[in-house]
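Asker: dropping the sequence and predicted coords here.
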Amino acid sequence: MIYRYLQHIKTPSTRPFVSSIVSILMASVHRRKHSPYWSAVFTENGRRVMRCTKATNKKEAQEICRTWEKAAREAETGKLTPERAREIISQGVSSVFLANNQEAMPNSSIENWCNQWLESKGIESKTATHARYKSVIVSFIQFLGKGAKRDLATLSPAEVMRFRDHTAKKLTKASANVSLKILRACFAAALRHGIITTNPAVTVSILKKTDEAVRRALTITEIKAILVKCKDSEWEGLVMMGLYSGQRLGDLAKLRWDAIDLQKGELALVTQKTQRRMILPLATPLLNYLLTLKAPGDPNAYVFPELAAVSRVSTLSNQFHNILVQAGLTPARTHEKQKAGRSTKRETNPVSFHSLRHSAVTFLKAAGVTDALAREIIGHESAAISRAYTHLNTEDIRPSINKLPDVSKKEEKPK
């Protein structure tokens, strides 16, 4: 307060006196005898304090001192928020860096960096993956509003956590966790480039999915009911593929004939999600089904051309949901407007095409297949069982695959 008062004194006769007083009150650096470090002297809460900067370079110490003084002045006004404090520190660090380097310290706004990272991922990511990244980044920038124009170094874990919770309330906990992981990757890249010193998303924890509907396995009776409803359509083959290979809808819908060796009875594919190359023996019921199909002369042709023509996996999921409705396994979706509006999170259906993956694991375990074999067949990753120590060929897996129940057989009616 005294400092601000003296700055407004303009009487000519008092200027020399004021200048000397102001110079005393202004921040300065000093080095004590026998000490390699410079100490900063500045006013804090109306008192002169001295703190060691741990800097041996005077220019560095002066920049640190000015940063501390600036923070102390804003604290006196009661306007020093955590975000503003981080901004001041970031500017101070940049000044220290600039004092000892010809090039300025790299920096970027939150919005600019997120868009830059998104652009780089567009080169190396698949279209569907990049679309998911873009959805999260756009939502995050919209969530921050004007705050997205701030320096990236000022972004706090608390803001990331609020975005995670906002996403969980609007969508699902699973979606919130995916969004958090994408932000972690985005800011990890900024950390590698030296734009930030810490990743603000790393300390934000993943939400536990305790109260959400859990995907369940479909029973043999339910799978047979599904096959009845999609008889003589490409969905019949896709359902058989889903059960007997345990693979995901997106991978199987785009399956080409060159991935299937009918003579060896093998299926070879690279999963989109994990980029893992898998070679699986075809279960006898699935092999018999594929032998009934007329394979075209072009090995690059799709096994299920009509379904492969559908561009979005979500559209295929909706089609399968309609089959589940026809089979009486799930209620039909209504398009009535909800009173809560668009901010209401969507409900998770416990049965979907992914349930066939659960069924495959369940049936394999029920048949006595070991956990290692089941994981190898389905393609699950595990920290406990490393693939580096698992060397299984198709003949090792074939007996396990053939233990899966034959859903293509008709049930015999009791006499």
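Answerer: Yep, it's here.

Asker: show me the contacts for Pro285.
Answerer: Pro285 sits next to 240, 244, 404, 406-409 when contact means Cβ atoms under 8 Å, 6 or more residues apart in numbering. From N, CA and C alone the C-beta is placed, and that goes for glycine too.

Asker: what do you get if the cut-off is 7 Å, keeping everything else the same?
Answerer: 240, 244, 406-408 (Cβ atoms under 7 Å, 6 or more residues apart in numbering).

Asker: surely Ala55 meets Cys65?
Answerer: No - using Cβ atoms under 7 Å, Ala55 is not in contact with Cys65; the gap is 9.3 Å.

Asker: which neighbours do these two have in common?
Answerer: What both Ala55 and Cys65 touch, as defined by Cβ under 7 Å, 6+ apart, is an empty set.

Asker: neighbour count winner among these two?
Answerer: Applying other Cβ atoms under 10 Å to Ala55 and Cys65 shows that Cys65 carries more neighbours, namely 24 against 21.

Asker: who does the helix or strand where Arg357 lies touch, helix- and strand-wise?
Answerer: Here Arg357, judged by DSSP states H and E, is contained in helix 355-366. Here helix 355-366 touches helix 234-245, helix 371-378, going by 3 or more Cβ pairs under 7 Å, 6 or more residues apart in numbering; DSSP states H and E.

Asker: winner for burial among these?
Answerer: Of those, the one with the most neighbours on average (mean count of other Cβ atoms under 10 Å) is helix 234-245, at a mean of 23.

Asker: quick one on the thing from earlier: in the helix holding Arg357, what's buried?
Answerer: 355-364 (16 or more other Cβ atoms under 10 Å).

Asker: next, count neighbours for Leu127.
Answerer: For the record, residue 127 is Thr, not Leu. Thr127 - counted by other Cβ under 10 Å - has 9 other residues nearby.

Asker: just the pLDDT at it, thanks.
Answerer: Looking at Thr127, its pLDDT is 79.

Asker: any idea how far Asn115 is from it?
Answerer: 18 Å (Cβ to Cβ, to the nearest Å).

Asker: follow-up on the earlier one: export the buried residues of helix 355-366 to JSON lines and tack on distance to Pro281 and pLDDT?
Answerer: Putting those into JSON lines (distance: Cβ to Cβ, whole Å; pLDDT from 0 to 100) gives the following:
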{"residue": "Ser355", "distance to Pro281": "23", "pLDDT": "91"}
{"residue": "Leu356", "distance to Pro281": "18", "pLDDT": "92"}
{"residue": "Arg357", "distance to Pro281": "17", "pLDDT": "89"}
{"residue": "His358", "distance to Pro281": "21", "pLDDT": "87"}
{"residue": "Ser359", "distance to Pro281": "18", "pLDDT": "88"}
{"residue": "Ala360", "distance to Pro281": "13", "pLDDT": "88"}
{"residue": "Val361", "distance to Pro281": "17", "pLDDT": "85"}
{"residue": "Thr362", "distance to Pro281": "19", "pLDDT": "86"}
{"residue": "Phe363", "distance to Pro281": "15", "pLDDT": "86"}
{"residue": "Leu364", "distance to Pro281": "13", "pLDDT": "85"}
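
Asker: count the neighbours of Ala131 for me.
Answerer: 12.

Asker: again with the one 10 residues further on
Answerer: Neighbour count for Ile141, taken as other Cβ under 10 Å: 16.

Asker: low pLDDT regions in the stretch 201-350 of the chain?
Answerer: 209-214, 334-348 (pLDDT under 70).

Asker: which SSE is immediately downstream of the helix or strand hosting Asn112?
Answerer: Using DSSP H and E, Asn112 sits within helix 110-124. Tracing the chain past helix 110-124, the next element assigned as helix or strand by DSSP H and E is helix 127-144.

Asker: buried residues in that following helix?
Answerer: Result for helix 127-144 [16+ other Cβ under 10 Å]: buried residues 130, 132-134, 136-137, 139-141, 144.

Asker: now swap in stretch 166-186 and tell me
Answerer: Residues of stretch 166-186 classed as buried by neighbour count (16+ other Cβ under 10 Å): 166-168, 171-173, 175-180, 182-184, 186.

Asker: show me how far that stretch is from its chain's centre.
Answerer: Counting by Cα atoms, centre = their mean, to the nearest Å, stretch 166-186 is centred 7 Å from the centre of its parent chain.

Asker: for it, list the C-alpha coordinates in PDB.
Answerer: Extracted in PDB, the C-alpha atoms of stretch 166-186 (Å, rounded to 0.1, in the frame of the first residue of the first chain):
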ATOM      1  CA  HIS A 166     -19.300 -33.400 -16.900                       C
ATOM      2  CA  THR A 167     -18.900 -36.100 -19.500                       C
ATOM      3  CA  ALA A 168     -19.900 -38.800 -17.100                       C
ATOM      4  CA  LYS A 169     -23.200 -37.000 -16.300                       C
ATOM      5  CA  LYS A 170     -24.000 -36.300 -19.900                       C
ATOM      6  CA  LEU A 171     -23.000 -39.600 -21.300                       C
ATOM      7  CA  THR A 172     -21.600 -42.600 -19.300                       C
ATOM      8  CA  LYS A 173     -18.600 -43.300 -17.000                       C
ATOM      9  CA  ALA A 174     -17.100 -45.400 -19.800                       C
ATOM     10  CA  SER A 175     -17.200 -42.400 -22.200                       C
ATOM     11  CA  ALA A 176     -15.800 -40.100 -19.500                       C
ATOM     12  CA  ASN A 177     -12.800 -42.500 -19.000                       C
ATOM     13  CA  VAL A 178     -12.200 -42.700 -22.700                       C
ATOM     14  CA  SER A 179     -12.200 -38.900 -22.900                       C
ATOM     15  CA  LEU A 180      -9.800 -38.700 -20.000                       C
ATOM     16  CA  LYS A 181      -7.400 -41.100 -21.700                       C
ATOM     17  CA  ILE A 182      -7.400 -39.100 -24.900                       C
ATOM     18  CA  LEU A 183      -6.600 -35.900 -23.000                       C
ATOM     19  CA  ARG A 184      -3.800 -37.700 -21.200                       C
ATOM     20  CA  ALA A 185      -2.300 -38.600 -24.600                       C
ATOM     21  CA  CYS A 186      -2.800 -35.100 -25.900                       C
END
